[in-house]
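**Student:** Based on what follows, work out the 3D shape:
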Amino acid sequence: MGKAIEGQFLIGVVFVCMGNICRSPTAEGVFRALVERENLADRIAIDSAGTHAYHVGEPPDSRSQAAARERGVDLSGQRARKATAADFARFDYVIAMDPDNRALLAALCPSGEEHRLRLFLEFAPGAGRRDVPDPYYGGGRGFDEVLDLVEQASEGLLAHIRENHL
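**Tutor:** Below is the predicted model of the structure:
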């Protein structure tokens with residue numbers, strides 16, 4: 001796994017939720033901040049996408065941005081895009097936020113690339129659940145819960161990448 005891009009060895013990670021405005025941009029931002037803190041930004045490429053095209057080109061939900069900003073993570077530069085089959089060629093890890101989005105991604109996945117598709121909370125076994133819940137229709141606490149889960153899974157994912165690739 002991994003790709004040589006402009007002379008650098010990179011592990012590619014893309015986080016995917018439904019609309020790419022709440023959970024997956026939060027995961028992208030939190031994981032990027034962690035990778036930068038660990039001085040690995042030149043080794044790990046990070047992106048996010050949605051299984052649906054509802055919000056293509058839009059920034060993350062203002063509530064996601066506010067909750068992330070309170071934890072020192074800036075999501076403002078991100079823009080939503082739709083996941084495609086090409087993501088399985090571009091990224092080593094195509095990480096779904098929940099089983100429903102995982103199923104939609106599995107339908108896009110080219111034969112032989114299934115090993116790239118994972119649920120994010122596989123990297124946070126102590127979370128006690130399989131899905132990062134969608135906070136879009138809930139209250140503000142939902143965005144904090146997403147951040148809690150994403151922070152935990154990000155640590156586990158980075159440990160996994162270090163152990164297997166770096």
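**Student:** Please make it C-alpha for all contacts and neighbour counts, starting now.
**Tutor:** Noted.
**Student:** Report the helix or strand with the lowest average pLDDT across this protein.
**Tutor:** Least confident helix or strand of the chain, by mean pLDDT, DSSP states H and E, is strand 3-5 with a mean of 44.
**Student:** Note down every partner strand of the helix or strand following that one and its orientation.
**Tutor:** Sequence order places strand 8-17 as the next helix or strand after strand 3-5, per DSSP states H and E. Here strand 8-17 is paired, per DSSP bridges, with strand 3-5 (antiparallel), strand 44-50 (parallel), strand 93-96 (parallel).
**Student:** what mean pLDDT does the strand or helix carrying residue 36 have?
**Tutor:** Counting by DSSP H and E, the element that carries residue 36 is helix 23-37. Across helix 23-37, pLDDT averages out at 98.
**Student:** Name the residues of stretch 50-58 that are buried.
**Tutor:** Judged by neighbour count using 16 or more other C-alpha atoms under 10 Å, the buried positions of stretch 50-58 are 50, 51, 52, 55, 56.
**Student:** now the end-to-end length of that stretch.
**Tutor:** One end of stretch 50-58 sits 12 Å from the other (C-alpha to C-alpha, to the nearest Å).
**Student:** Spit out the contact partners of the nearest residue to residue 160 once chain neighbours are set aside.
**Tutor:** Distances taken as C-alpha to C-alpha, 6 or more residues apart in numbering place residue 123 nearest to residue 160, at 7.8 Å, with adjacent residues excluded. For residue 123, the contacting residues are 152, 153, 154, 155, 156, 157, 160, by C-alpha atoms under 8 Å, 6 or more residues apart in numbering.
**Student:** Which neighbouring elements make contact with the helix or strand encompassing residue 159?
**Tutor:** Per DSSP H and E, residue 159 falls inside helix 140-165. Under the contact definition 3 or more C-alpha pairs under 8 Å, 6 or more residues apart in numbering; DSSP states H and E, helix 140-165 sits against helix 23-37, helix 62-70.
**Student:** Now do the shortest one, average pLDDT.
**Tutor:** The predicted model assigns helix 62-70 a mean pLDDT of 96.
**Student:** what comes up buried for that helix?
**Tutor:** For helix 62-70, the neighbour count (16+ other C-alpha under 10 Å) marks 63, 64, 65, 66, 67, 68 as buried.
**Student:** can you redo those residues as JSON lines with distance to residue 109?
**Tutor:** Shown next, in JSON lines, are those (distance: C-alpha to C-alpha, whole Å):
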{"residue": "63", "distance to residue 109": "31"}
{"residue": "64", "distance to residue 109": "28"}
{"residue": "65", "distance to residue 109": "30"}
{"residue": "66", "distance to residue 109": "33"}
{"residue": "67", "distance to residue 109": "32"}
{"residue": "68", "distance to residue 109": "30"}
